[in-house]
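Colleague: For reference, the sequence and a predicted model appear below.
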Amino acid sequence: MPVYYYIFLAVALFSIGVIGVLIRRNMIIIFMCVELMLNAANLLLVAFSKMHQQVLGDIKPTAASDAQVFVFFIMVVAAAEVTVGLAIIVMLYRNTHSVDVNFLNRLKN
Amino acid sequence: MNNSLQIVWLIPFLPLIGFLINGLGRNNLSKTLAGLIGSGVILASFLISVYVFFIVKDGNTHLAHYFDFINTASIKVGFDFQVDQLSSLFLLIITGVGFLIHVYSTSYMQAEEPKDFAKYFSFLNLFVFSMLLLVMGGNYIIMFIGWEGVGLCSYLLIGYWFKNNDYNNAAKKAFIMNRIGDLGFLLAVFWLLAKLGTADYHEVFANTAKLTAFDITGITLLLFVGATGKSAQIPLYTWLPDAMAGPTPVSALIHAATMVTAGIYMIARSNILFTMAPATQTVVAIIGLATAILAATIALKQNDIKKVLAYSTVSQLGYMFLGLGVGAYTGAVFHVMTHAFFKALLFLGAGSVIHAMGGEQDMRNMGGLKKHMSITHITFLLGCLAIAGMPPFSGFFSKDEILAAAFAKNPAFWVIGVLGALMTAFYMFRLYAMTFQGKFRGTTEQEHHLHESPAAITFPLIILAILAVIGGWIGIPEIFMQGGHRLEAFLEPIFTQSNVIAAKHEMPHVTEYTLMAISVLAALIALVYAWNKFSKYQKTSTEEAGIGKVLANKWYVDELYEAIFVKPLQSLTAFLTNIIEKNIIDGFVNGVGKAVNYGSRQIRLLQNGLVGTYVLLMVLGILILFIIQLFL
């Protein structure tokens, strides 16, 4: 499969993520959109690593694994981020009985 | 080089120690102790100076290098002391006369608080220290340190009674006038450094050939500007009469032993440069002569005893500059020496009179003091005779030498000089007759108070009177006695270079006798006339009119300076404070503050607490970066 299939898919996923973050007010949805963006990036990394392996595999045996190791890092970081983020959302819900992101401006003053 | 001269550093060091002890311990020292320390260190310096003098007399000179003062790639200035004939002579004058003034002060300042008494002596010591540094420095930079030091000390001492605002103004005037001159001096030193890379006397004088005529003329003119400030010549002389605000011994110290002789010393030291710049010499001679005459005319009409003496100092300094200008360097230095004796004597005598009169300085309220103060009277009379140039008193020899040299240069100089000498005799004997002759014109209370001063005051007077009488005998002209001019022989090595360039003028003996006779006769006539006229002086209430009024008001020079310099400067500062400072500078500073304030208030609106806005802005930012990265 040509690599640009993956690129189009990743761009589509990323754009959906960005637009979701921008227009939705529900924090959980926003969260999921952020995950979507991260996964779009992951998808690209994997796709490019496969491509590189085909091109450079003979010269550089680690060409495929470099980027894929990076993907695992991103997954770990995303998991950690989710725990923190969900904890914040839980706290927010306890205080405001809502997960609407616009209520966060009550933090000021 | 002579090893026994290695102790010269003690000469300025001792007064410095005295200054530190008296200055730091002023709250704990008793008056006796402060006076003893103050005078003792000067006496010790004087004794060392005498010792040094006798070694230098045998032709030994000493150049000591202590440490590097400035050391850069191109300029090296050492902290050097140079002791030779010229400086050793000045050392004697400064420490000798200075010591007598210190002794005199112990009695004169007795009315002060112990704290102020010690402060006074610490200032005096610092003054002597600065002056010693000035004459002992081995280069122009060290000289400049002393040069500034005496300026500072004159400020401190003139403003010693700082609770009186007039005195403070006089002190400020002295300091500022001196600073104007100092700028000229400093520029001259920079010029020398730029052209020769050195400020050491011996190197500068050895390398004069490297300087163009323009350089030499410029340097000497700037040096002379410095000298006009320090030595009170036109146009910077007005500080000196105002310097009378200080205690009388301070006036004596400033006018006789130190400070005002600094300019003469500097030019005598740089004689080779001045000899190579005939244009500057002419300027020096003319300024000197003009000052001599101007100050003498002012002195004719002053009624304050110290003011008369102050203007006579300015006038005598004018004669010294005339001597320097016509190339009679020995004569000028000689006159410095004799002047130190008789002017210190006159000032201290005047101080004794003021002391007896209970602070009264107006001669119109004096008179007939000879009955009450015999020692002061006799010594003062001797001082007057000396300054009037009567033979065989000291002033005659030195003044005559200068006038003879002036005649050789230009007979017109001589005529004006004799006119000044005539006025000198007149105003000095006006002063003498009004003070000591005739009837007492003060209050009866003052008359009861009249008394001869204590020994600490009369002792210096007697010593100085003896010196004022015999001091001139070391410079007897050749026509009276072969080899009589011992001072000239002594100073010969200093002026060798100049003498090669400008040979001494020889004149027929008949001419010299005639000149001498005319000047002495003129002075004698003025003397007798003044004595007769002012012995019968009666207080009148009539105002001076015509030329007398102009003279009594000092030719309105102070008013002229006020109008030309002070007033425009004041309006300029008023303009700067009220318009520039208030509107432009303050406006700019306040404007910056206001702009930041306003800007922050606007930018604060962006932080509205809505997460959506933040994210939107973030995405927009990323997009912009993305576009820049891709397309630009």
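Modeller: Structure's in. What do you need?

Colleague: got the residue ranges for the helices in chain A?
Modeller: Assigned by DSSP state H, chain A shows helices spanning A:3-23, A:27-56, A:63-96.

Colleague: Domain map for chain B?
Modeller: Domain assignment for chain B by automatic domain parsing gives B:1-138, B:163-541, B:562-631.

Colleague: Tell me the secondary structure at the residue of the stretch 351-500 of chain B found nearest chain A.
Modeller: At 76.7 Å from chain A, B:G359 is the closest residue in the stretch 351-500 of chain B, using C-beta to the nearest C-beta. Bear in mind the C-beta positions are built from the backbone N, C-alpha and C, glycine included. Of the three states, B:G359 takes coil under DSSP: H, G, I helix; E, B strand; the rest coil.

Colleague: Nearest approach to A:S15 belongs to which of the domains of chain B?
Modeller: Set against A:S15 and scored by C-beta to C-beta, these come closest in domain B:562-631, at 10.8 Å.

Colleague: sorry, back to before: where's the residue of the stretch 351-500 of chain B closest to chain A relative to B:I37, distance?
Modeller: Counting by C-beta to C-beta, to the nearest Å, the gap from B:G359 to B:I37 is 27 Å.

Colleague: Those two - which one has more neighbours?
Modeller: B:I37 (21 against 9; other C-beta atoms under 10 Å in any protein chain shown).

Colleague: What is the subsequent helix or strand relative to the host helix or strand of that one?
Modeller: Element membership for B:I37 (DSSP states H and E) is helix B:31-57. Later in the chain than helix B:31-57, the nearest helix or strand by DSSP H and E is strand B:62-71.

Colleague: How about the secondary structure of the residue in chain B that chain A sits nearest to?
Modeller: Nearest to chain A, among the residues of chain B, is B:G609, at 3.1 Å (C-beta to the nearest C-beta). For B:G609, the assignment made with three-state DSSP gives coil.

Colleague: What is the neighbour count of the nearest residue to it once chain neighbours are set aside?
Modeller: Excluding its sequence neighbours, the residue lying closest to B:G609 (C-beta to C-beta, 6 or more residues apart in numbering or on different chains) is A:N105, at 3.1 Å. By the criterion of other C-beta under 10 Å, A:N105 has 14 neighbours.

Colleague: Can you tell me the SS state at B:Y237?
Modeller: Following three-state DSSP, B:Y237 is assigned to coil.

Colleague: so where does the residue nearest to it when sequence neighbours are not counted fall, helix or strand?
Modeller: Computed as C-beta to C-beta, 6+ apart, the closest residue to B:Y237 that is not its neighbour in sequence is B:V314, at 5.1 Å. Taking DSSP H and E as the definition, B:V314 sits inside helix B:305-325.

Colleague: do the same with B:E203
Modeller: Element membership for B:E203 (DSSP H and E) is helix B:201-206.

Colleague: and if you look at B:N168?
Modeller: Element membership of B:N168 [criterion: DSSP H and E] is helix B:165-196.

Colleague: For the closest residue to chain B within chain A, list the residues it contacts.
Modeller: Ranked by C-beta to the nearest C-beta, the top residue of chain A for proximity to chain B is A:N105, at 3.1 Å. Applying C-beta atoms under 8 Å, 6 or more residues apart in numbering or on different chains to A:N105 gives the contacts B:608-611.

Colleague: May I ask which of those residues has the most neighbours?
Modeller: In terms of neighbours by other C-beta under 10 Å, those top out with B:V611 at 17 neighbours.

Colleague: Leaving out chain neighbours, which residue sits closest to it?
Modeller: Nearest residue to B:V611, sequence neighbours excluded (C-beta to C-beta, 6+ apart): A:V101, at 4.8 Å.

Colleague: my read: that neighbour touches A:N26, true?
Modeller: Yes: if you go by C-beta atoms under 8 Å, A:V101 and A:N26 touch, sitting 7.4 Å apart.

Colleague: neighbour count winner among these two?
Modeller: Each of A:V101 and A:N26 has its neighbours counted (other C-beta under 10 Å); A:V101 has more, 21 against 14.

Colleague: Cheers, nothing more for now.
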